[in-house]
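coordinates only, sequence not included:
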């Protein structure tokens, strides 16, 4: 099932959803038993995990970047050009860092925990053509 590639259509159809929980980034040599991270990515230096802060704490993992996850409820193509760049640009204009993750169906943004509501406002304005 192919996703949307047209940048204008992607922006106009953007429906951000703020997901419950505070997520953190951790790195491990291997994923501990009993852990259910939201994302696992193998890097040369170690395995990166994105997981709920409570899970990281319960497993004694060191972590960084407490963040909130925003799911962009539009089925964007993995080949879409400029979608994440546009989103990152409007968030950067508000002094906000973002760590994006592309899934097969949706893109997900991890924004600083204390800026989640600001990010939602910016994304809604973007979708409405106000930025």
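Everything's here; your move. Since this is a predicted model, take the numbers as computed values, not measurements. Numbers count the residues shown, from 1 in each chain.

give me the contact list for stretch 52-66.
With CB atoms under 8 Å, 6 or more residues apart in numbering as the test, stretch 52-66 has contacts from 21-26, 28, 32, 34-38, 49, 99, 110, 112-113. Where C-beta positions appear, they are placed from N, C-alpha and C, glycine not excepted.

same question for stretch 91-99.
Stretch 91-99 has contacts (CB under 8 Å, 6+ apart) with 25, 65, 67, 87-88, 109-112, 115, 118-119, 122, 131.

pipe those into CSV and attach pLDDT per row.
As requested, the contacts of stretch 91-99 are arranged in CSV below (pLDDT from 0 to 100):
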residue, pLDDT
25, 98
65, 97
67, 98
87, 90
88, 93
109, 95
110, 97
111, 97
112, 97
115, 97
118, 97
119, 97
122, 95
131, 77
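
and the residues you listed, which are buried?
With burial judged by 16 or more other CB atoms under 10 Å, the buried subset of those is 25, 67, 87, 88, 109, 110, 111, 112, 115, 119, 122.

so what's residue 126 up against?
11, 14, 86, 87, 90.

so how far is residue 113 from the residue of the chain positioned farthest from its centre?
No residue in the chain sits farther from the centre than residue 33, which is 24.6 Å out by CA atoms, centre = their mean. Using CB to CB, to the nearest Å, residue 33 is found at 28 Å from residue 113.

now, of the contacts of residue 126, which are buried?
For those, buried by 16+ other CB under 10 Å: 11, 14, 87, 90.

grab the most central residue of this protein for me.
Nearest residue to the geometric centre of the chain (CA atoms, centre = their mean): residue 109, 2.0 Å.

and that residue, what are its bridge partners?
The bridge-partner assignment for residue 109, based on DSSP bridges, gives residue 70, residue 100.

wait, it touches residue 70, no?
Yes: with contact defined as CB atoms under 8 Å, residue 109 and residue 70 form a contacting pair (4.4 Å).

what touches both of those two?
Common neighbours of residue 109 and residue 70 (CB under 8 Å, 6+ apart) are 16, 119.

next structured bit after the helix or strand bottoming out on mean pLDDT in the chain?
None of the helices or strands of the chain scores lower by mean pLDDT, DSSP states H and E than helix 7-12, at a mean of 69. Next along the chain after helix 7-12, taking DSSP states H and E as the criterion, comes strand 16-18.
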